[in-house]
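> A predicted structure for the sequence below; I have some questions about it.
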Number of protein chains: 2
Amino acid sequence: MDAEHMDARKERILKAIIDDYILTAMPVGSRTISRKYETTLSSATIRNEMSDLAELGYLAQPHVSAGRVPSVKAYRLYVDALLSGEELPMDENARAYFAERVRQMEDVITTAAQAISEITRYTALVMMPKQLELRVATLQLVPMPKGSALLVIVTDTGAIRDTVIKVSENLDGDALYAISRMMTERLRGRTLQEVQEMLRGYSHQAGADGRVLEGIADLAAQMEKQSATDTVTVGGSHNILNYPEYSDVEKARAFLAVLEEKDRLMDLLSGSGAAFTVLIGPETGVPEMADCSVVTAGYRVGAGHRGAVGVIGPTRMPYGKVLSALNAVGSVLSELLSE
Amino acid sequence: MDAEHMDARKERILKAIIDDYILTAMPVGSRTISRKYETTLSSATIRNEMSDLAELGYLAQPHVSAGRVPSVKAYRLYVDALLSGEELPMDENARAYFAERVRQMEDVITTAAQAISEITRYTALVMMPKQLELRVATLQLVPMPKGSALLVIVTDTGAIRDTVIKVSENLDGDALYAISRMMTERLRGRTLQEVQEMLRGYSHQAGADGRVLEGIADLAAQMEKQSATDTVTVGGSHNILNYPEYSDVEKARAFLAVLEEKDRLMDLLSGSGAAFTVLIGPETGVPEMADCSVVTAGYRVGAGHRGAVGVIGPTRMPYGKVLSALNAVGSVLSELLSE
DNA sequence: TGTTAGCACTCTAAGCCGTTGAGTGCTAAC
DNA sequence: GTTAGCACTCAACGGCTTAGAGTGCTAACA
């Protein structure tokens, strides 16, 4: 039996099977296709075609008297067709999620994760790439009640971080501003790394309040630590429970446990660097997600740097819709973070 | 048949049954008690006692040939004994969780939720009470690259909120500080409500950059909105999957759905106002949590105000351990937030 | 009077059919 | 190349049986 090659009809039938399976999560029989999709053909004809498709490796049978289920190879074909198609449509209401609170990078990232998970009803991943060589732009002390002050550091990229430190009770707003000015003058343009080195040296000297110097060094260290490594945020983690693939609590637990391991998630997101990536089932390399696919889209953040947004859901997911959602959120992110 | 009254031995047996059930989640038989807990008594004797306890309403039988399961009344007795006992021990390593990042109130709350869920392996709730009448203490603009500035508002209670706003490109650090000083002078001591009213009035006038005024008003509005209502944070929500009570995905989903409804959670936390509260099963009034108990502990936050920390877990939970964990985290919170 | 051994009884959980129905593969006719 | 028809397979389901856990009761004992 020569395995026949794909022709247009086979492709149509395969697509119909995938579409139906995505909808129902149940093996698809020849009658279903004959009645719902290819009404001009009888179920027997569909059976012959399905048999060929099975031989070509596009369909699998859970058991002999069940319908057919798309294989990884089938999804691959399906997705590749999608990706090579014309421009992806853009889910338009994505922007609405960002209407209000655009504050810091972290907020934007969290909002994005929430937006994606709500739009798609799957688990969302958002990756923020590391930012090396952050340089101090401004440093300021804001007076607070009771001998405290809020230390704010702003970097050249616009990242903001603050912390509360103790200062002498007799420093008023003007005094704190004077210190801020002086420190900004000295530290502007330095990398976080340099700031720490400089201040650790100073701190034994006299001069300004030692606690201020220490506070600055600590905050710089913290900022560096947080920004020197890619971070990934998860949204809608328990959406997975909505899908019959994970109606077994054990499987669901294993899945959720993987979501806690940020480095494994990183591997999923830091794909080829292409605009879109789709990893299907075993391609993810994560056994606990054998029934899942990971769809990712890149977004620009400033010069050259790239982040990624993604979705984890059952292999049978409406890839088209997911891709447009990611496309939309990715664009909004590029826009917000490239300013 | 007169229902006998409780005596010391009945109480011991009941406690043994509860302890065993907490451990195993399986109906407890008379043999188990006779061998593991009351080794001097035969199973027949235990059976007689258990029969009495059942008649008194402390034990239930899933079916006639199964062991006994503690009733709500039994848990109540067990817990009340616990609560009226001597001082609760304090889980000592709770403080370790707060070692590093003590920044804003929100951070503390989130950390607390995480700490509780990790210590107990249950779902944690942390309630932060509303703060009416917040008054502005300081207001400051920190220069940022490219015609932006970071607007920071600090209240008399030490709450901090910031937002990025656009300002004229030609305002340097000193100019921004001058504006900050002026605005602080005018707004210090005003409630957030008043600030908004004043600024909405101004904004049509000339004077300072209109966008600054608008930014301040917006931020004040946001702060007020956030602080005017009790908020509740959830940690470790999917810990529930660890327990056989929720090995059914449907039940687990319903449970997780309730966790999203903050107002229902509020009802659980805003209990009697006692130091500790335990709601057992149906006492929670949440049908989706019929197999759960809610344990809460209050903590002080500033003058008079009270927040609450809590745990949601299966009715058969080690109440003693949970109470000490909550006690410990509550104390740390009181300490951190009363400063 | 309280404790215990013994025994009959009950009821779930687990395994074992037989049946049903969906869906296939193959063949023969169009 | 398409289709009707038919034999065949296999999971899912319900009914049945069995094994085992645990009870309640009774009678004997200290």
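Done, it's in.

> Please, where are all the strands along the stretch 1-150 of chain A?
In the stretch 1-150 of chain A, the segments counted as strands under DSSP state E, counting those that start in this stretch are A:59-60, A:69-70, A:123-128, A:136-144, A:148-155.

> so where's the stretch 51-200 of chain A shaky on pLDDT?
Along the stretch 51-200 of chain A, segments meeting pLDDT under 70 span A:86, A:100-104.

> Show me which residues of it are close to chain B?
A:101-104, A:137-138, A:140, A:142-146, A:148, A:150, A:152, A:154, A:156, A:158, A:160, A:162-164, A:173-174, A:177, A:181, A:184 (C-beta under 8 Å from any C-beta of the partner chain). Yep, even glycine has a C-beta here, placed from its N, CA and C like the rest.

> at 10 Å instead, please
Counting by C-beta under 10 Å from any C-beta of the partner chain, the stretch 51-200 of chain A comes close to chain B at A:100-104, A:137-146, A:148-150, A:152-164, A:173-174, A:176-178, A:180-181, A:184-185.

> Repeat that for the stretch 201-339 of chain A.
Checking the stretch 201-339 of chain A against chain B by C-beta under 10 Å from any C-beta, the hits are A:218-219, A:222, A:237-238, A:240-244, A:246-253, A:255-257, A:259-260, A:339.

> Can you report how many residues neighbour the residue of the stretch 1-150 of chain A found nearest DNA strand D?
In the stretch 1-150 of chain A, the residue that lies nearest DNA strand D is residue A:65 (2.9 Å; C-beta to the nearest atom of the strand). Using other C-beta atoms under 10 Å in any protein chain shown, residue A:65 has 8 neighbouring residues.

> ok, it - contacts?
Neighbour list for residue A:65: A:27, A:29 [criterion: C-beta atoms under 10 Å, 6 or more residues apart in numbering or on different chains].

> Adding mean neighbour count, write the strands of the stretch 1-150 of chain A out as CSV.
Listed next are those as CSV, based on neighbours: other C-beta atoms under 10 Å in any protein chain shown:
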stretch, mean neighbour count
strand A:59-60, 20
strand A:69-70, 23
strand A:123-128, 26
strand A:136-144, 24
strand A:148-155, 23
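
> between the ones you listed, which gets nearest to residue B:6?
When those are compared by C-beta to C-beta, strand A:123-128 sits nearest residue B:6, at 50.8 Å.

> Give me the helices and strands touching the closest one, please.
Packing contacts for strand A:123-128, counted by 3 or more C-beta pairs under 10 Å, 6 or more residues apart in numbering or on different chains; DSSP states H and E, involve helix A:105-120, strand A:231-235, helix A:249-260, helix A:262-269, strand A:292-300, strand A:306-314, helix A:319-338.

> Dump the ones you listed to CSV, plus mean neighbour count and distance to DNA strand D.
Shown next, in CSV, are the helices and strands packed on strand A:123-128 (neighbours: other C-beta atoms under 10 Å in any protein chain shown; distance: least, C-beta to the nearest atom of the strand, whole Å):
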stretch, mean neighbour count, distance to DNA strand D
helix A:105-120, 21, 28
strand A:231-235, 19, 32
helix A:249-260, 17, 16
helix A:262-269, 17, 31
strand A:292-300, 24, 21
strand A:306-314, 25, 18
helix A:319-338, 21, 27
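
> looking at the ones you listed, which is closest to DNA strand C?
helix A:249-260 (15.9 Å).

> list the helices and strands that closest one packs on?
Using 3+ C-beta pairs under 10 Å, 6+ apart: helix A:249-260 touches strand A:123-128, strand A:231-235, helix A:262-269, strand A:306-314, helix B:249-260.

> possible to save the strands of the stretch 1-150 of chain A as a markdown table with distance to DNA strand D?
Converted to a markdown table, the strands of the stretch 1-150 of chain A look like this (distance: least, C-beta to the nearest atom of the strand, whole Å):
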| stretch | distance to DNA strand D |
| --- | --- |
| strand A:59-60 | 13 |
| strand A:69-70 | 13 |
| strand A:123-128 | 26 |
| strand A:136-144 | 62 |
| strand A:148-155 | 57 |
